[in-house]
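*Asks:* Curious how this folds, go ahead:
(2 chains)
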Amino acid sequence: GAVVSQHPSWVICKSGTSVKIECRSLDFQATTMFWYRQFPKQSLMLMATSNEGSKATYEQGVEKDKFLINHASLTLSTLTVTSAHPEDSSFYICSARDRSPNYGLAGEQYFGPGTRLTVT
Amino acid sequence: AQSVTQLDSHVSVSEGTPVLLRCNYSSSYSPSLFWYVQHPNKGLQLLLKYTSAATLVKGINGFEAEFKKSETSFHLTKPSAHMSDAAEYFCVVMREAAGNKLTFGGGTRVLVKP
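*Replies:* Down below sits the predicted model:
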């Protein structure tokens, strides 16, 4: 089946530093990946859509200069949290949509296991 | 605009009894709907999806959901709960007019009592 990995699974960083999170589709190609944020005991909120070879599109209220997204290949997207602060502590989840001939029929996304970021 | 509302934030059931998780959606078009499960500190797993085919959708682990257009509902059920069903469940609608983005409901936490 379609597998999406994230690295690291958890990270602790100091306030003011930057953290990079990787999202990889392991056995399929993904032209589109999505980044979500989940606060404790809350639902997932879409942050941005990452398109291979082009700029990411951000949801309203998400600072693009703070959350840098790069989708350099069909199997890798990265999210960099710049100048992290304690309020950025959260669970970050990526998903990838299979670039298969069935693209667009169901739009199923495959989710990574998430990265827990703690900023001290 | 599309949205999804999960009517119960918490559901508690005894092992072996039925589970019902309620979800109502709002959509301008015929929607694609999904149910995902999230176990603690784990990623999301797709339980089932509705994409305008059969209105009764069967998923993994004995779950099923029925799409009712007249009620704008997509409730998730399982006839007999297992301890391993304790998790967070999300009802999700796909925004086809917005590049197939997903909108998540608030989630329902299921507790299974022995």
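
*Asks:* which residues touch the residue lying closest to residue B:113 once chain neighbours are set aside?
*Replies:* Nearest residue to residue B:113 in three dimensions, chain neighbours excluded: residue B:14, at 5.0 Å (CB to CB, 6 or more residues apart in numbering or on different chains). (C-beta placed from N, C-alpha, C; glycine too.) Residue B:14 makes contact with B:81, B:112, B:113, B:114 under the criterion CB atoms under 8 Å, 6 or more residues apart in numbering or on different chains.

*Asks:* And for residue A:13?
*Replies:* The neighbourhood of residue A:13, defined by CB under 8 Å, 6+ apart, consists of A:19, A:84, A:117, A:118, A:119, A:120.

*Asks:* coming back round to it: any of the contacts of residue B:14 buried? List them.
*Replies:* With burial judged by 16 or more other CB atoms under 10 Å in any protein chain shown, the buried subset of the contacts of residue B:14 is B:81, B:112.

*Asks:* In strands, which of the contacts of residue B:14 fall?
*Replies:* B:112, B:113 (DSSP state E).

*Asks:* Could I get the contacts of residue B:14 in JSON lines, plus columns for pLDDT?
*Replies:* Written out in JSON lines, the entries for those read as follows (pLDDT from 0 to 100):
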{"residue": "B:81", "pLDDT": "97"}
{"residue": "B:112", "pLDDT": "97"}
{"residue": "B:113", "pLDDT": "96"}
{"residue": "B:114", "pLDDT": "95"}
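
*Asks:* I'd like to know which of the contacts of residue B:14 is nearest to chain A.
*Replies:* residue B:112 (18.2 Å; CB to the nearest CB).

*Asks:* wait, that closest one sits on residue B:15?
*Replies:* Yes: taking contacts as CB atoms under 8 Å, residue B:112 lies within contact range of residue B:15: 5.5 Å.
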